[in-house]
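**Q** fold the following for me, if possible:
(chains A, B, C and D)
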Number of protein chains: 2
Amino acid sequence: MSNMTDQLKAARRAKGLKQAELGKKLGLPQSHVSKIEQGSTDPRLSTIVDWARVLDLEPMLIPRQMVSRIRALVNGEPEPERRWQPDEESES
Amino acid sequence: MSNMTDQLKAARRAKGLKQAELGKKLGLPQSHVSKIEQGSTDPRLSTIVDWARVLDLEPMLIPRQMVSRIRALVNGEPEPERRWQPDEESES
DNA sequence: TATGTAAATATATTATTACATATAATTATG
DNA sequence: CATAATTATATGTAATAATATATTTACATA
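**A** Predicted coordinates for the structure are as follows:
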């Protein structure tokens, strides 16, 4: 689903948390965590923000032109040094 | 309210858009744009993502330890997050 | 392999809330 | 003031979130 919920699911697993454990930290039932991770529901902003923070992530709004640079930083890649390929920004 | 909706409100104004114009681009009624900007409702993730993208912003999840560096980049500031540089190295 | 059992995740049903439509209030401008 | 332009509020409907239950997965042990 939304790339963001996929990331959050991956982040939960990376921390070794079960859906129920995460749910408890967030005050959400496990069943919700399941639905959100499956992409079978469109969660509220506050839910996503809380979720991210529990996993030491912060949602930020990044100007489109900076997205690939910042993504590289976050992924620990060594600054691709791209020469303006005409089209880079494909996202769902 | 949530820092993020404040940012989105500011971004709309920076582009000189009225609530109704933004709403049209998003397929949302103006009344709903109003509620979200006032913080009197907790919008869905998809709404915020669409909203951001219309304003050339992309929501991203940033690891906590990188937040201030990235915020500096985004705001065009000159890296305020130096950690105990014993003395300021010459910087161009 | 088959079975038992517990842990982990998914689904069903009901309650709460975002969103749509219509209208009102506010702010700007002549 | 009057009138228009912009933003806020009221009420009904569709979707998310809560509660309870079911299903799937993992790991035993015979």
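**Q** switch to C-alpha atoms for all contacts and neighbour counts from now on
**A** Will do.
**Q** checking my notes, A:P59 in a strand, right?
**A** Yes: assigned with DSSP: H, G, I helix; E, B strand; the rest coil, A:P59 falls within a strand.
**Q** quick one, what contacts the closest residue to it other than its chain neighbours?
**A** Nearest residue to A:P59, sequence neighbours excluded (CA to CA, 6 or more residues apart in numbering or on different chains): B:L61, at 4.5 Å. Going by CA atoms under 8 Å, 6 or more residues apart in numbering or on different chains, B:L61 touches A:4, A:52, A:57-60.
**Q** just the pLDDT for B:L61.
**A** Listed pLDDT for B:L61 reads 96.
**Q** tell me who's in contact with A:S34.
**A** Going by CA under 8 Å, 6+ apart, A:S34 touches A:Q19.
**Q** wait, A:G23 touches A:P29, no?
**A** Yes: the pair A:G23 / A:P29 is scored as a contact, 5.5 Å apart, by CA atoms under 8 Å.
**Q** okay, those two: which has more neighbours?
**A** A:G23 (18 against 15; other CA atoms under 10 Å in any protein chain shown).
**Q** if I look at the more buried one, how far off is A:Q30?
**A** Counting by CA to CA, to the nearest Å, the gap between A:G23 and A:Q30 amounts to 5 Å.
**Q** cool, and A:Q19?
**A** Between A:Q19 and A:Q30 the computed distance is 6 Å (CA to CA).
**Q** next: A:R71.
**A** 30 Å.
**Q** A:P59 too?
**A** A:P59 is 22 Å from A:Q30, where distance means CA to CA.
**Q** remind me which residues of chain A are low pLDDT?
**A** Residues of chain A meeting the criterion pLDDT under 70: A:1, A:78-92.
**Q** try it again at 50.
**A** For chain A, applying pLDDT under 50 flags the ranges A:89-92.
**Q** related to what we said a few turns ago, please identify which of A:Q19 and A:Q30 sits among more neighbours.
**A** Between A:Q19 and A:Q30, counted using other CA under 10 Å, A:Q19 has the larger neighbour count: 19 against 16.
**Q** and that one, what does it touch?
**A** Residues in contact with A:Q19 (CA under 8 Å, 6+ apart) are A:30, A:33-34.
**Q** and DNA strand D, which of these reach it?
**A** When contact is defined as CA under 7 Å from any atom of the strand, the contacts of A:Q19 meet DNA strand D at A:Q30.
**Q** helix/strand/coil for the nearest residue to A:L8 once chain neighbours are set aside?
**A** Closest residue in space to A:L8, ignoring its immediate chain neighbours: A:A52 at 6.7 Å, by CA to CA, 6+ apart. Secondary structure, three-state DSSP: A:A52 is helix.
**Q** and the one residue in chain A that gets nearest to chain B, how many neighbours does it have?
**A** Closest residue of chain A to chain B, CA to the nearest CA: A:R44 (4.1 Å). Residues near A:R44, counting by other CA under 10 Å, number 16.
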